[in-house]
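Student: Sequence first, predicted coordinates after that:
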Amino acid sequence: MACRISELVLECRDPEALAEFWCEILDFVVLDREEGCVEVGPREGFGGLQPTIILSYRDEPTGGPLPLHIDLNPTDQDYEAERQRLLDAGAKPADVGQTGEEPWQVFADPEGNEFCLLRARLDRL
């Protein structure tokens, strides 16, 4: 028997704003809203190949870098175009000590949660 990741939970101060950001970045839609939480995921809904993201309200920021971060790959345009799209959507470059030679760039979402854009392009699911 095996498991697979079905949901990622990200605690944040503004679930609605982060839902908008992640929906734009990942081409996701809002799947559900409950008090203090917004679940976003692929248009096909929960249970598909991609996990959903639950943005859960929390008063205080977690402080410091998260022990887990999300890695993204471009799917329908090249790395530079995707990098610019992330910046236009509100992502900010984050310095975590990289040299600039890595095959990825680190960004932060509007609440400072770090994620990476990898240079390798993947096919859409």
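Tutor: Sure thing, it's come through.

Student: Going by residue numbers, what spans are helices in this protein?
Tutor: All helices of the chain, identified by DSSP state H, fall at 15-26, 79-88.

Student: Buried deepest among these, which one?
Tutor: Ranked by mean neighbour count, the helices of the chain are led by helix 15-26 with a mean of 19 (mean count of other Cβ atoms under 10 Å). In this view, the C-beta of every residue, glycine as well, is placed from N, C-alpha and C.

Student: What separation is there between the closest residue in space to residue 28 that isn't next to it in sequence and residue 117?
Tutor: Nearest non-adjacent residue to residue 28, counting by Cβ to Cβ, 6 or more residues apart in numbering: residue 40, 4.4 Å away. In this view, residue 40 and residue 117 are 18 Å apart by Cβ to Cβ, to the nearest Å.

Student: and if you look at residue 42?
Tutor: Taking Cβ to Cβ, one finds residue 42 at 19 Å from residue 117.

Student: can you check residue 60 too?
Tutor: In this view, residue 60 and residue 117 are 28 Å apart by Cβ to Cβ.

Student: more neighbours, these two?
Tutor: Ranked by neighbour count (other Cβ atoms under 10 Å), residue 60 and residue 117 place residue 117 first, with 19 against 7.

Student: Just the terminal-to-terminal distance for stretch 5-22.
Tutor: One end of stretch 5-22 to the other measures 18 Å (Cα to Cα, to the nearest Å).

Student: Check what pLDDT residue 64 gets.
Tutor: Note for residue 64: predicted pLDDT of 61.

Student: if I pick the residue nearest to residue 28, what's in contact with it?
Tutor: Applying Cβ atoms under 8 Å, 6 or more residues apart in numbering, we find residue 40 in contact with 19, 22, 23, 26, 28, 29, 30, 31, 52, 53, 55.
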